[in-house]
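>>> Have a look at this fold, sequence not included:
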């Protein structure tokens with residue numbers, strides 16, 4: 001009740017703030033989403049325009065390359081006509097060829113003679129007349145003879161790679177006109193600023209796909225990894241042009257527009273949300289001032305109610321304690337007389353099994369009543385412990401012998417024989433007896449009970465573990481409350497007395513339990529209560 005009264009203003013404040021927080025969240029989501037969407041749309045439009053411009057510039061570059069290679073085919077056709085007009089024009093062929101050749105390049109004419117192909121005219125760095133065309137080059141020549149138009153190819157000869165253009169039937173039937181040029185592993189084209197290569201990184205491949213082994217030339221040593229692919233025709237073959245732009249084709253300012261929108265929009269959204277939050281906090285502060293006095297009054301009322309409830313509980317416990325003390329003293333002597341009478345009856349029964357069973361049942365029930373009386377007296381009177389050195393292993397053995405296990409229950413006790421504590425032996429034994437008895441009662445169908453002790457971080461820990469019914473979390477939280485019990489028999493003082501005894505020794509008691517799996521009670525005696533083993 002007290003907690004409810006104290007927390008009411010906080011709940012009201014949270015209730016007042018919730019619509020404002022919702023409004024701030026909505027503003028943040030809506031405006032932030034609009035800013036992000038605008039930035040994304042602008043970015044996509046710019047990327048589309050960038051790609052369109054790149055595609056247009058790449059087409060221009062491909063047109064330049066295509067026209068250049070088209071002139072090669074025209075030159076081959078013209079030189080082939082000169083060489084094929086008559087055998088005496090081969091010198092004229094060589095003279096005309098040298099005018100179009102570059103360094104280390106060659107022009108030649110070959111003819112098919114049986115299974116081989118031999119040179120019949122040559123100029124520049126071409127093979128000598130009469131020399132046979134090598135196998136890879138000859139295969140390209142045979143493809144040229146079977147194709148209408150110029151063909152191209154790369155041929156590896158030793159450590160050098162050659163680029164060939166071949167025109168079939170260029171000097172007459174069965175002839176091939178060749179243009180050859182050596183290629184290094186990386187050919188870099190120097191692009192002039194005014195050409196299509198001036199703002200593009202370009203790679204030219206002698207194939208329809210970007211295969212590094214077919215690279216002809218590039219404007220950079222770092223090939224475009226994923227540029228625009230633009231196929232174009234070179235004679236009869238399809239070559240590939242891969243390009244990327246070296247700078248934004250749409251302009252740097254346009255390229256940065258999406259980020260400008262994102263940053264400026266983000267600042268605007270943050271400013272708007274901040275203004276809303278500041279106004280909301282001002283309103284909350286004003287409301288808090290209104291509720292402050294009310295909260296103080298409610299706290300004082302709650303404390304008064306708690307004090308009244310505590311006083312009532314103390315009066316009830318005092319009355320119960322006085323009653324328990326009176327009843328305990330009145331019942332202890334009759335119970336002692338009954339136990340003595342039962343002992344005499346057990347002796348007199350002799351071999352009469354039926355009589356002995358009845359007497360044993362009466363003794364067990366009388367012992368339970370005696371234990372209840374002891375709990376009442378211990379709880380109502382309570383006394384300071386009389387401390388003396390106690391061997392923990394001996395105390396465990398004594399406690400297990402006092403309360404023998406019922407049928408079907410297996411008992412195990414073990415402890416370090418050199419573990420001693422300073423304690424009231426009778427009180428600590430009574431605490432163990434309560435835990436052991438509870439463990440037996442938690443295993444109506446049998447099980448195992450273990451009592452162990454060990455030294456842990458300067459403290460003595462005595463643990464009683466059973467494999468019985470276990471307890472719920474709610475029961476574990478109230479198990480040490482006086483007169484709380486979940487059993488059909490008993491008054492709920494055993495564990496309350498046990499906790500009082502342990503705390504009187506400066507220790508603690510804890511419980512861990514799982515329903516249907518068992519419980520484990522641990523008594524921890526502080527290091528100050530431990531003594532060394534006598535030598």
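Ah, there it is. Since the structure is predicted, the reported quantities are computational estimates derived from the model, not experimental observations. Numbers count the residues shown, from 1 in each chain.
>>> Quick check: which ranges of this structure have low pLDDT?
1-20, 86-89, 185-197, 222-225, 312-333, 364, 368, 371-383, 486-493, 527-535 (pLDDT under 70).
>>> care to break it down by domain?
What automatic domain parsing lists as the domains of the chain is 86-183, 188-245, 385-531.
>>> want to throw the ones you listed into TSV with distance to residue 298 and mean neighbour count?
C-beta here means a position set from N, CA and C on the backbone, and glycine is covered the same way. Below are these laid out as TSV (distance: least, Cβ to Cβ, whole Å; neighbours: other Cβ atoms under 10 Å):
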stretch	distance to residue 298	mean neighbour count
domain 86-183	92	17
domain 188-245	69	16
domain 385-531	27	17
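>>> between those domains, which gets nearest to residue 269?
Taking Cβ to Cβ, domain 188-245 is the member of the domains of the chain nearest to residue 269, at 33.1 Å.
>>> quick revisit: any chance of TSV for the domains of the chain, columns distance to residue 366?
Output for the domains of the chain, formatted as TSV (distance: least, Cβ to Cβ, whole Å):
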stretch	distance to residue 366
domain 86-183	111
domain 188-245	94
domain 385-531	14
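>>> so which of those domains gets nearest residue 30?
Nearest to residue 30 among the domains of the chain is domain 188-245; the distance by Cβ to Cβ comes to 36.4 Å.
>>> mind checking the SS state of residue 121?
Following DSSP: H, G, I helix; E, B strand; the rest coil, the label given to residue 121 is strand.
>>> residues contacting residue 413?
Residues near residue 413 by Cβ atoms under 8 Å, 6 or more residues apart in numbering: 396, 397, 400, 450, 451, 452.
>>> Which residue ranges of this structure form helices?
Using DSSP state H, the helices found in the chain span residues 2-85, 90-98, 135-145, 252-349, 353-381, 392-402, 425-441, 473-478, 494-504.
>>> Output the contacting helices and strands for the second one.
Based on contacts counted as 3 or more Cβ pairs under 8 Å, 6 or more residues apart in numbering; DSSP states H and E, the elements that helix 90-98 packs against are helix 2-85, strand 106-113, strand 116-124.
>>> Identify the residues contacting the closest residue in space to residue 356 that isn't next to it in sequence.
Spatially, and ignoring its direct neighbours in sequence, residue 356 is nearest to residue 349 (4.9 Å; Cβ to Cβ, 6 or more residues apart in numbering). Residues in contact with residue 349 (Cβ under 8 Å, 6+ apart) are 355, 356, 359.
>>> try residue 46
For residue 46, the contact set (Cβ under 8 Å, 6+ apart) comprises 250, 254, 255, 257, 258.
>>> quick one: which of the domains of the chain is nearest residue 296?
Judging the domains of the chain by Cβ to Cβ, what sits closest to residue 296 is domain 385-531, at 31.2 Å.
>>> all strands of the stretch 401-535 of the chain, in order?
According to DSSP state E, counting those that start in this stretch, the stretch 401-535 of the chain carries its strands in the segments 409-415, 420-423, 447-456, 459-466, 508-514, 518-525, 530-531.
>>> circling back: please identify the most buried of the helices and strands packed on helix 90-98.
Scoring these by mean neighbour count under mean count of other Cβ atoms under 10 Å gives strand 106-113 as the most buried, with a mean of 22.
>>> What is it packed up against?
Strand 106-113 is packed against helix 2-85, helix 90-98, strand 116-124, helix 135-145, strand 175-183, with contacts defined by 3+ Cβ pairs under 8 Å, 6+ apart.
>>> angle of the second one against strand 106-113?
Here helix 90-98 runs at 140 degrees with respect to strand 106-113, directions being taken by axes from the mean of the first three to the mean of the last three Cα atoms, to 10 degrees.
>>> relative orientation of helix 90-98 and helix 2-85 in degrees?
Computed by the same axes, to 10 degrees, the angle between helix 90-98 and helix 2-85 is 150 degrees.
>>> Which residues outside helix 90-98 are in contact with it?
Residues from elsewhere that reach helix 90-98, judged by Cβ under 8 Å, 6+ apart: 78, 79, 82, 83, 107, 109, 120, 121, 122, 123, 124, 129.
>>> repeat for the fourth one
Applying Cβ under 8 Å, 6+ apart, the contact partners of helix 135-145 are 110, 112, 116-117, 132-133, 150-151, 153, 155-157, 162, 164, 166-169, 174, 176, 178.
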